[in-house]
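Asks: Sharing a model prediction with you, sequence too.
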Amino acid sequence: MIRIRLIPLLAAACLAVPVAAMAQQAFTSKPVNLRAGPARDYPLVAQLGPGTPVQVAGCVNGYSWCDVTLQDGNRGWVYARNLNYPYQGNQVPLITYGSAIGLPIIAFSIGTYWGQYYRGRPWYGQQSHWAHRPIRPRPPTVRPPPRPRPPGVFPQPPHRPGFGNGQRPPHGGARPPGNGARPPGGRPPNGGNRPGHTRPQPR
């Protein structure tokens, strides 16, 4: 009779060993805030120091925030980049390894969640505000001012192409020599007549 009763107990103990071995905890990688929802503007539940062990119930789609339970029973949401999880002998961030680890994707319902874990909190009666909290606009992009020029340095004028290659000379420039130019000495070619003088006829 004693042996028969021990068989179910031994079987249950054998089944419990793999389950306990698979149950792993995540740890905070830095001082983090435990929030009442999956965003930074939700009320603060608790502040956790680095290396705090937490049990991960699941994460929202994209593994950006995870629902965790502390050893003292407190429950809330932590930004997944600040949570490390033991995976293949290393501590890896949940925000990038949540899918590979196989953590479940869960949804957040403020009425159910707050009603179960936050009754008696100072902000519990403000559910309507947090359920329809305004979306914060993105801050405008601020461009840095231009760098001042060093003293004594002036911008160079744009380079003007030189004269040649079929380009017209600038206004007022010298005309190239050609037909009709006066010879040296200022006398017209072929002994031309000056005004007021008559050329003698050949005899």
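Replies: Good, I have the coordinates.
Asks: element containing Gly120?
Replies: Using DSSP states H and E, Gly120 falls within no helix or strand.
Asks: That one and His129: what is the separation?
Replies: Using C-beta to C-beta, to the nearest Å, one obtains 18 Å as the distance from Gly120 to His129. For every residue, glycine as well, the C-beta is placed using N, CA and C.
Asks: Neighbour count: those two, which is higher?
Replies: Regarding Gly120 and His129, a neighbour count based on other C-beta atoms under 10 Å identifies His129 as having more, with 10 against 5.
Asks: In what element of secondary structure is that one found?
Replies: With the criterion set as DSSP H and E, the secondary-structure element containing His129 is helix 127-131.
Asks: Quick one: mean pLDDT for that helix?
Replies: Average pLDDT, helix 127-131: 85.
Asks: Also stretch 32-44?
Replies: Mean pLDDT, taken over the full extent of stretch 32-44, equals 96.
Asks: Report the buried residues of it.
Replies: Within stretch 32-44, the residues scored as buried using 16 or more other C-beta atoms under 10 Å are 32-39, 42-43.
Asks: for the helix holding His129, packing partners?
Replies: Secondary structure elements in contact with helix 127-131, counted by 3 or more C-beta pairs under 8 Å, 6 or more residues apart in numbering; DSSP states H and E, are helix 110-117.
Asks: just checking, what packs against the helix it packs on?
Replies: Here helix 110-117 is seen to pack against helix 127-131 when contacts are counted using 3+ C-beta pairs under 8 Å, 6+ apart.
Asks: Quick check: next helix or strand after the lengthiest strand in the chain?
Replies: Longest strand in the chain by number of residues (criterion: DSSP state E): strand 53-59. Later in the chain than strand 53-59, the nearest helix or strand by DSSP H and E is strand 65-69.
Asks: In the chain, what residue spans correspond to strands?
Replies: Along the chain, the stretches classed as strands by DSSP E are 26-28, 32-35, 44-48, 53-59, 65-69, 75-79, 83-87, 90-93.
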